[in-house]
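this one's structure only:
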């Protein structure tokens with residue numbers, strides 16, 4: 001694996017890295033360059049043009065909430081040169097068509113895949129309970145999300161926790177992830193009087209174990225592409241409560257693998273979670289259905305096969321163009 005660290009593509013160091021990429025592409029006679037995220041889009045487009053790479057594939061993996069204006073302008077100029085754009089869900093494909101005027105036939109959807117092997121065997125669900133000093137019969141509701149952006153909806157999770165505790169005071173809540181807004185949400189949980197019931201666990205490397213410990217997995221974003229956290233939760237056999245936005249409905253089937261609720265609605269969020277806490281058998285059945293769906297449709301092997309098919313089809317098209325008189 002080669003690494004070309006680049007902070008800015010428009011300074012001397014960035015130009016130098018692009019030159020290295022062009023040299024490498026020419027030496028290796030690269031046929032396809034596939035880029036992910038804004039900076040690599042610019043560098044990849046330039047490399048393709050300068051090295052004569054026939055196929056450039058770009059990618060969109062969110063609804064553009066972080067995309068800077070400069071990159072939006074650049075993409076509008078360069079998009080006509082891409083052979084294909086890969087969106088990781090149909091919601092993003094729709095967004096790219098509407099916002100960037102990229103034609104439908106130039107966008108292919110390839111969903112994220114998950115390595116399900118780490119969820120194949122039994123996991124120690126009591127590990128987290130021991131760490132938090134919780135009894136085995138205490139229900140845990142959890143959300144896994146970085147705490148860097150308000151769009152992840154931590155506020156609504158905390159507000160929902162207050163509503164839930166009014167009806168089920170024995171429930172405990174965990175937030176996995178870290179970021180610039182953590183202190184803000186810790187303060188909010190104190191102001192709402194639920195700080196002792198919400199455990200901020202920070203960044204963790206034992207997500208499968210954590211998921212095995214919880215009753216309900218929550219994702220209450222107000223903007224979302226195709227969530228790996230939902231994939232992981234389903235693979236772990238957990239019912240999911242998620243907001244009805246972005247790619248979430250492509251994973252969570254309402255009242256089948258979990259519940260979909262309106263975004264920025266802590267009351268609806270709380271009601272859906274309470275429903276599952278009050279009907280544990282229903283939650284188990286939803287979790288089992290979610291696990292089945294991940295194993296059938298969203299494995300890493302299925303994702304790799306889709307990418308291989310895409311690369312082969314574009315390579316074949318390029319050869320046909322070159323052989324035309």
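Structure received. What you are looking at is a predicted structure, and each value in this text was computed from that prediction instead of being measured.

what comes up buried for stretch 35-47?
With burial defined by 16 or more other Cβ atoms under 10 Å, the residues of stretch 35-47 counted as buried are 35, 38, 39, 40, 41, 42, 43, 44, 45, 46, 47. Any C-beta I mention is one placed from the backbone N, CA and C, and that applies to glycine too.

which one of the residues you listed is nearest to residue 156?
Residue 156 has its nearest neighbour among the buried residues of stretch 35-47 in residue 38, at 28.2 Å by Cβ to Cβ.

with adjacent residues omitted, what lies nearest to the closest one?
Spatially, and ignoring its direct neighbours in sequence, residue 38 is nearest to residue 71 (4.0 Å; Cβ to Cβ, 6 or more residues apart in numbering).

now do the same contact list for the one you found.
If a contact means Cβ atoms under 8 Å, 6 or more residues apart in numbering, then residue 71 has 38, 39, 41, 42 as its contacts.

doesn't it belong to a helix?
Yes - according to DSSP: H, G, I helix; E, B strand; the rest coil, residue 71 belongs to a helix.

give me the pLDDT for it.
In this model, residue 71 is scored at 71, pLDDT.

how near is it to residue 223?
According to Cβ to Cβ, to the nearest Å, residue 71 and residue 223 sit 17 Å apart.

quick check: residue 100 touching residue 79?
Yes - at 5.9 Å, residue 100 counts as touching residue 79 under the criterion of Cβ atoms under 8 Å.

neighbour-wise, which of the two wins?
Applying other Cβ atoms under 10 Å to residue 100 and residue 79 shows that residue 79 carries more neighbours, namely 18 against 15.

give me the distance between the two termini of stretch 3-17.
The first and final residues of stretch 3-17 sit 10 Å from each other (Cα to Cα, to the nearest Å).

and it, what's buried?
Taking 16+ other Cβ under 10 Å as the neighbour-count basis, stretch 3-17 is seen to contain the buried residues 6, 9, 14, 17.

for stretch 279-293, same thing?
Neighbour counts over stretch 279-293 (16+ other Cβ under 10 Å) mark 283, 286, 287, 289, 290, 291, 293 as buried.
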